[in-house]
Structures are given as C-alpha cells and as structure tokens.
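A.B. asks: structural data only, the sequence is not supplied:
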Ligand SMILES: [Zn+2]
C-alpha cells in the first residue's frame, strides 16, 4: 500500500478513537484467610472473580477493583486503548520505512 494512503487510514482511525483507559484489566480468583473456608476445600471453591484495574500513576502502581457491571461498561475503553497502541505501533513502523525510503537507507536496512 502507498505509505501516504496508509498514513491517512491510520490518522482516520486515530481521529475516531473514543475514551481510552491506561493500564490493564486483570481477573483474579482469591483465597481468603478464614480457616475452613470453601476456598480451602478440595477441590477449592475460590472467591471471585475480582476484576482489577492496574495502572501507573507517577511511577507507582495503582490498583482498583471493578464490579462486573463496571467491567461491562468500561471494557470498550480498554479495547480502545489497545487499538490506540496498535495505531501508534503501525504509524511508527510506517514512519521508519518512510524515512528509510526517503534517505535511501532501504538497502542497508535489516530484512523485515
Ligand atoms: Zn475463603
């Protein structure tokens, strides 16, 4: 594909992006400290699922628990963040190859 055409396509996706949350969403099932609890049975019946949203704020990891309703509501925002990272990755790769082509570095570049 023509690099300029590809760049416009990526810019179009970028312009259409909705809210995008930082960090990641994880799912966890827990064991508690209560003796004789069902989570220590055989087979164990763990507590949860718990949904944990983890992100960095000023270099520190911040974790928040989300309810199942909240996960349903905000999952698209996590998906948008992933789409955003994908667009940035593609735009950067495209830019590198545009520079290499413009500067005639194509021949010396490592094979893709
Ligand atoms: Zn338990």
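C.D. replies: Nice, I can see it. The structure displayed is predicted, hence computed values, not measured ones.
A.B. asks: all helices for the chain, in order.
C.D. replies: Along the chain, the stretches classed as helices by DSSP state H are 3-15, 68-102.
A.B. asks: and the residue lying farthest from the centre of the chain, backbone torsions?
C.D. replies: Distance from the C-alpha centroid of the chain, by CA atoms, centre = their mean, peaks at residue 36 (38.3 Å). Residue 36 has phi and psi values of phi 70, psi 10 when expressed as degrees, to the nearest 10.
A.B. asks: okay, it and the ion: tell me how far apart.
C.D. replies: 9 Å (CB to the ion, to the nearest Å). (Each C-beta comes from the backbone N, C-alpha and C, glycine too.)
A.B. asks: ok, back up a step: of all the helices of the chain, which lies closest to the ion?
C.D. replies: Using CB to the ion as the criterion, the shortest distance between the ion and the helices of the chain is 19.3 Å, found for helix 68-102.
A.B. asks: and that closest one with helix 3-15, angle?
C.D. replies: Between the axis of helix 68-102 and that of helix 3-15 there is an angle of 160 degrees, by axes from the mean of the first three to the mean of the last three CA atoms, to 10 degrees.
A.B. asks: quick check: the gap between the closest residue to residue 97 other than its chain neighbours and residue 21.
C.D. replies: In space, residue 97 comes closest to residue 3 once its chain neighbours are excluded; the distance is 7.0 Å by CB to CB, 6 or more residues apart in numbering. The spacing between residue 3 and residue 21, counted by CB to CB, to the nearest Å, is 31 Å.
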